[in-house]
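Undergrad: got a predicted structure here, sequence first:
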Amino acid sequence: VGALKAAAGTDGVIATAVRTLPTSVHTKGVPTLSELQTKFDENYSACRQAALVPAGRPGLDGQLAGMLFASLKYPPQADDPAPEQDPDNAEFILARARKHVQLGELTVAVDELDMF
C-alpha cells in the first residue's frame with residue numbers, strides 16, 4: 001500500500017482510492033494468490049460438511065450428520081456433472097469453486113460461490 005501511495009503522488013483519484021481501502025489492507029496487506037488458495041483448501045472440508053447437513057436439522061445432530069456424510073461420501077470432481085434434479089447442489093458448487101481457485105480464476109470462483 002505504501003508503494004501505491006508513493007506511486008500515486010499527487011494524483012487525487014489514486015490517492016482517494018488508497019484512502020478508501022479497508023484498515024486491514026493498510027495494516028496486514030492483501031493475501032497473495034497462493035495464500036488464498038491455501039486458505040480455501042483449509043476451509044473446503046468444513047464447507048463441505050456444512051453443505052451436507054440435512055435440511056431442517058441445524059442443531060448438533062445435523063452437524064454430526066454432515067460430518068458423517070462428508071466422511072463416507074466421495075467429494076465430486078469439478079468436472080462431474082451435477083445431478084439433473086439438483087443442478088445447484090452445494091457440493092458441486094464447492095468443487096467447481098475449488099477448481100477455479102486452484103487455477104487462479106478468483107472472479108469465476110466467487111461467481112460460483114454466489115450461487116449459494
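TA: Noted; the coordinates are in hand.
Undergrad: can you tell me the centre-most residue of the protein?
TA: Nearest to the mean C-alpha position of the chain, by Cα atoms, centre = their mean, lies residue 40 at 5.8 Å.
Undergrad: that residue: what secondary structure?
TA: Here residue 40 is recorded as helix under DSSP: H, G, I helix; E, B strand; the rest coil.
Undergrad: and the helices in this protein?
TA: Ranges of helices in the chain, per DSSP state H, are 2-8, 12-19, 23-28, 33-51, 60-72, 90-102, 106-113.
Undergrad: so which of these gets nearest residue 79?
TA: Closest of these to residue 79 is helix 90-102, at 7.9 Å (criterion: Cβ to Cβ). For the C-beta atoms, the positions are set from N, CA and C on the backbone; glycine is no exception.
Undergrad: can you point out the buried residues in that closest one?
TA: 90, 91, 92, 93, 94, 95, 96, 97, 98, 99, 100, 101 (16 or more other Cβ atoms under 10 Å).
Undergrad: before I go, just wanted to say thanks for your time.
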